[in-house]
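S.K.: one predicted model, sequence on top.
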Amino acid sequence: QVQLVESGGGLVQAGGSLRLSCAASGRTFSMYALGWFRQAPGKDREFVSVIYWSGGSTGYADSVKGRFTISRDSAKKTVYLEMNSLKPEDAAVYYCAAKTRSYGTERNSQTYDYWGQGTQVTVSS
């Protein structure tokens, strides 16, 4: 089992910044990748970003590319999502998820095995 705890959400004005954190515990040696997803009211959960735990490669949704940065601290077993130039359409509950196997695309939430409880991000216009 891998436990994930997100933090860092809150209310920010459009154009502002937030940094989300995702702390992992448990069988973290089994992690292949950690991803961030988000879900706004009435919408499907969508991929935001991913980082591969071993090599540190990253990936981003087109909607956040250039504005969001994902990083990891291996010693702390924590992944961060730095969000800049926030827009009202970025408002959602943000979830951290851990993938333990390499099958399937990292952009598909169905391929992730463990999820955090989510953290709310609200962006005022």
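M.R.: Ah, there it is. Treat the numbers as computed from the prediction; the structure is a model and nothing was measured. Numbering: from 1, shown residues only.
S.K.: bridged to the residue nearest the centre of the chain, which residues?
M.R.: Relative to the mean C-alpha position of the chain, the nearest C-alpha, by Cα atoms, centre = their mean, is the one of residue 36, at 2.0 Å. Judged by DSSP bridges, the bridge partners of residue 36 are residue 49, residue 96.
S.K.: mind listing the helices for the protein?
M.R.: Assigned by DSSP state H, the chain shows no helices.
S.K.: which residue ranges of it form strands?
M.R.: 2-7, 10-13, 18-26, 33-39, 46-52, 58-60, 68-73, 78-83, 92-99, 114-115, 119-124 (DSSP state E).
S.K.: the residue nearest to residue 118 when sequence neighbours are not counted: neighbouring residues, count only.
M.R.: Closest residue in space to residue 118, ignoring its immediate chain neighbours: residue 93 at 4.3 Å, by Cβ to Cβ, 6 or more residues apart in numbering. Bear in mind the C-beta positions are built from the backbone N, C-alpha and C, glycine included. Neighbours of residue 93 under the rule other Cβ atoms under 10 Å: 18.
S.K.: buried set for stretch 27-40?
M.R.: 31, 32, 33, 34, 35, 36, 37, 38 (16 or more other Cβ atoms under 10 Å).
S.K.: can you redo those residues as TSV with distance to residue 112 and pLDDT?
M.R.: Output for the buried residues of stretch 27-40, formatted as TSV (distance: Cβ to Cβ, whole Å; pLDDT from 0 to 100):
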residue	distance to residue 112	pLDDT
31	11	88
32	10	93
33	8	96
34	9	96
35	6	97
36	11	98
37	8	98
38	14	98
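S.K.: which one of these is nearest to residue 48?
M.R.: Of all these, residue 48 sits closest to residue 36, with 4.3 Å by Cβ to Cβ.
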